[in-house]
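Peer 1: Okay, sequence plus prediction incoming.
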Amino acid sequence: MARLKGKSTELMMSLYTKELTYDAGVTMNDTNACSMKGYTVEEDWPDEVQSDREEITGSEFATVQEIITKGFSTPVGIPKARPNDIIGLMALAMGGGVTSTQDGVTGAYTHKVALAGIEAAMPSIQSEIKKGGIQYGYKGVMCNSIKLACDAGQPVSVEVELIGSGTRATSATAFASKITESWVKASQALAWLESGTDISISASLVQGAEDISSATPADLKARIKRFEFSLNNNMEGDFGYGSEVFQVLDKGIRELGLMVDLTFADATEMNHFLNQDNLALELDFKGAQVPTASTLYYGFQLVVPRCRLQKVPLPKGGPMDALTQSLEVEFLDDGTNQVFLFEGYNAKSQYLA
């Protein structure tokens, strides 16, 4: 008998169409779903199993065992992410809906993602995983957390933790097509930092141009070593009565994180901490043109309209090292903009529609 290999694992998610009703499922086809590639995945069923081993039964050992509740969770890692991966998973994690706009009559689209309101329900999708020849479909799947990261000279990576209602069933559905896109890389990125009264957030983001300043922001592209952005939705589920799966699954109190590692230049960033200056930061990943005739390029933009440094960014490094510093920020609500802005660009026409 041939040994089964992990290389044959398949994963698809309905990133283009959300469930109309939580836990209702989605028709898994090329219109609604895409198969992933270049990923790691380990599905888990955190079912609660109980026995009568702790009760008096006249036996030293358990006499019965049952599954009380069912669950589903899985971490998915994409070390070399494509625009489709980043846009679709950020849309699921942010949860506030996607406004997709076509660039004229070309096949290029801008996807502006909204962050779900504090009381708003989160979107859910269907996911299917085939591993060891066994395929299961999972309904009511939401994104518990996401992390985007990129080292200088490397591709952008994405890590997500998905949580489902626990509704699952074996499936024989054909896997949807994979998307052909190039990786998003640091070599395609620009980065800026602005402070104080010079902060001015553009009403519409423009690829390849800074969108955070009324003056001349600090250009970080030659200094940046790494960035990490994270959003944790702290999902909470309720079984209620009459169900062995979550009847309700929703975000808790969300947490945001952003860290930017820079080569150390001078005391500027340290003074931003000491003065508790308001800061705005922009990361712009701009790859190849989507179609030749369009004005859009494969990639994404991440803008933080207002933040402050949480820790003093002291220079670090030994006698043989180039000194570096880490900017760790607290996101602030400026009363006008979303607490962070995200837009993605590629040839797909919709996400979570």
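Peer 2: Noted; the coordinates are in hand. Numbering: from 1, shown residues only.

Peer 1: Spatially nearest residue to Lys131, not counting backbone neighbours?
Peer 2: Thr9 (4.7 Å; C-beta to C-beta, 6 or more residues apart in numbering). In short, each C-beta sits where N, CA and C put it, glycine included.

Peer 1: Just give me the neighbour total for that neighbour.
Peer 2: When neighbours are defined as other C-beta atoms under 10 Å, Thr9 has 17 of them.

Peer 1: Phe61: what's it in contact with?
Peer 2: Arg53 (C-beta atoms under 8 Å, 6 or more residues apart in numbering).

Peer 1: Also Gln310?
Peer 2: Applying C-beta under 8 Å, 6+ apart, the residues near Gln310 are Glu328, Val329, Glu330.

Peer 1: Check what pLDDT it gets.
Peer 2: Gln310 is assigned a predicted lDDT (pLDDT) of 98.

Peer 1: Kindly report the same for Arg3.
Peer 2: In this model, Arg3 carries a pLDDT of 80.

Peer 1: hmm, back to that, do I have it right that the residue nearest to Lys131 meets Gly133?
Peer 2: No - contact status for Thr9 versus Gly133: not in contact, 10.2 Å apart, counting by C-beta atoms under 8 Å.

Peer 1: Leaving out chain neighbours, which residue sits closest to Lys130?
Peer 2: Glu10 (4.3 Å).

Peer 1: After the longest strand seen in the chain, which helix or strand is next? Please name it.
Peer 2: In the chain, taking DSSP state E as the definition, the longest strand is strand 134-151. Counting by DSSP states H and E, the element after strand 134-151 in chain order, helix or strand, is strand 157-164.

Peer 1: ok, the helix or strand just after that following strand: who's next to it in the sheet?
Peer 2: Where DSSP H and E defines the elements, the next helix or strand beyond strand 157-164 is strand 168-170. In the sheet, strand 168-170 lines up against strand 134-151 (antiparallel) (DSSP bridges).

Peer 1: what angle separates the partner strand from strand 157-164?
Peer 2: Interaxial angle, strand 134-151 versus strand 157-164 (axes from the mean of the first three to the mean of the last three C-alpha atoms, to 10 degrees): 140 degrees.

Peer 1: sorry, back to before: between the contacts of Gln310, identify the one with the most neighbours.
Peer 2: Val329 (19 neighbours).

Peer 1: CA atoms only for the host helix or strand of that residue, dumped as CSV, please.
Peer 2: Using DSSP H and E, the element containing Val329 is strand 324-331. Output of strand 324-331 as CSV, limited to C-alpha atoms (Å, rounded to 0.1, in the frame of the first residue of the first chain):
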residue,chain,number,x,y,z
THR,A,324,18.3,48.9,14.6
GLN,A,325,15.2,50.1,16.4
SER,A,326,11.6,48.8,16.7
LEU,A,327,8.5,51.0,16.4
GLU,A,328,5.6,49.4,18.3
VAL,A,329,2.4,51.4,18.0
GLU,A,330,-0.9,52.0,19.7
PHE,A,331,-3.7,52.5,17.1
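
Peer 1: Noted, bye for now.
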